[in-house]
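S.K.: pasting the structure only:
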């Protein structure tokens, strides 16, 4: 804590002396202290995108890819090293469009309706741009499996070399998703960029705190949570939960949803103290927001909570006291 505070004081002093921005002063000072553990940071961009929900629509799949790559270029221009997109950023298939008995009724999804070839072309174009921009790119999509298996609802993680380094498959699926649409994932997924460890969560998984405590135990510094939602009604609960998970686990959380939800809660980046440090526009349009993720080298609150959860209190609990056995008397 003290070391981080001293660094911030040095940055402010330099900025006041030179007229540089805080970010520029921080960059210059860090070049002189490469071994300082407080220097572990990364600039993260979070995105909100338009909702494309018909995988039969070739023009829609092309448009979603074009929009995604436009926002990647914006993030690159803002100095981001990683950009985080919503669930179904390439396409979030509508359950009624996919239903073999739809659109009136919701039944099993007919995945033969998906224009898979077009999707793969857009994925390839996005990977090429990630390599060109040297930008890590994490985005929601649908991962096709061999028949007769259902696909996964997933987050692809593409490195700054344009390589698919890992994939997170949503584990805690909604009733509709597990009944009619997707195969669930099995495991958490982490990856590192610049010495900072990220975890992935998806869909409605903010409703499950065990997902987020699991990532705390895996030493992540930031969880990238992507969700969809065709209407803004679900956004407040998800956003509040994202802030709560950040505060209770003392790590960063990036919350990415579709642009339509932004009129209630825009996409944003939450700090470990549970407040937004950056948010996208709240006007229902595609956008990005950028923040520098800085990792405290001495996370005392996080370490204490781990200690408290590890049966710390059991030795101090009162036992065999006759007066404590009856809870109905003073």
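M.R.: Sure thing, it's come through. Please read these numbers as outputs of a predicted model, since none were measured by experiment.

S.K.: which residues of this structure fall in strands?
M.R.: Counting by DSSP state E, residue ranges of the strands within the chain are 41-48, 82-84, 136-143, 152-158, 164-169, 190-193, 196-202, 222-226, 252-256, 268-270, 276-279, 287-294.

S.K.: Okay, the closest residue to residue 201 other than its chain neighbours and residue 76: tell me how far apart.
M.R.: Distances taken as Cβ to Cβ, 6 or more residues apart in numbering put residue 225 closest to residue 201, at 4.5 Å, once the chain neighbours are dropped. Using the backbone N, CA and C atoms, a C-beta is placed for each residue, glycine as well. Here residue 225 is placed at a distance of 23 Å from residue 76 (Cβ to Cβ, to the nearest Å).

S.K.: Looking at those two, which has the bigger crowd around it?
M.R.: Shown here are residue 225 and residue 76; by other Cβ atoms under 10 Å, residue 225 has more neighbours (31 against 18).

S.K.: tell me the mean pLDDT for the helix ranked longest in the chain?
M.R.: Among the elements of the chain assigned as helix by DSSP state H, the one spanning the most residues is helix 58-77. What helix 58-77 shows for mean pLDDT is 98.

S.K.: Check which helices and strands it sits against.
M.R.: Using 3 or more Cβ pairs under 8 Å, 6 or more residues apart in numbering; DSSP states H and E as the contact criterion, the elements in contact with helix 58-77 are strand 41-48, strand 82-84, helix 116-133, strand 287-294.

S.K.: Same list, the ones you listed, but as CSV with mean pLDDT, mean neighbour count and distance to residue 265 please.
M.R.: Formatted as CSV, the entries for the helices and strands packed on helix 58-77 read as follows, by pLDDT from 0 to 100; neighbours: other Cβ atoms under 10 Å; distance: least, Cβ to Cβ, whole Å:
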stretch, mean pLDDT, mean neighbour count, distance to residue 265
strand 41-48, 97, 26, 10
strand 82-84, 98, 29, 16
helix 116-133, 98, 17, 26
strand 287-294, 96, 21, 12
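
S.K.: Just tell me which of the ones you listed ends up closest to residue 21.
M.R.: Nearest of the helices and strands packed on helix 58-77 to residue 21, taken as Cβ to Cβ: strand 287-294 at 11.7 Å.

S.K.: Pull the residues that contact the longest helix of the chain.
M.R.: The contact list for helix 58-77 (Cβ atoms under 8 Å, 6 or more residues apart in numbering) reads 45, 47, 49-50, 52, 54-55, 83, 85, 89-91, 115, 118-119, 122, 125-126, 129-130, 133-135, 137, 139, 286-288, 290.

S.K.: Show me the shaky parts of the stretch 101-250 of the chain.
M.R.: Along the stretch 101-250 of the chain, the parts satisfying pLDDT under 70 run over 230.

S.K.: Mind doing that once more with 90?
M.R.: The model of the stretch 101-250 of the chain has pLDDT under 90 over residues 102-105, 147, 229-235.

S.K.: re the thing from before, any chance of the helices and strands packed on helix 58-77 in JSON lines with distance to residue 69 as columns?
M.R.: What follows is those, written out as JSON lines (distance: least, Cβ to Cβ, whole Å):
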{"stretch": "strand 41-48", "distance to residue 69": "11"}
{"stretch": "strand 82-84", "distance to residue 69": "10"}
{"stretch": "helix 116-133", "distance to residue 69": "5"}
{"stretch": "strand 287-294", "distance to residue 69": "12"}
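
S.K.: which one of those lies closest to residue 168?
M.R.: With distances scored as Cβ to Cβ, the stretch of those nearest to residue 168 is strand 82-84 (11.9 Å).

S.K.: so what strands line up beside the closest one?
M.R.: strand 41-48 (parallel), strand 136-143 (parallel) (DSSP bridges).

S.K.: Go ahead and confirm residue 172 touches residue 209.
M.R.: No: with contact taken as Cβ atoms under 8 Å, residue 172 and residue 209 are classed as non-touching, separated by 11.0 Å.
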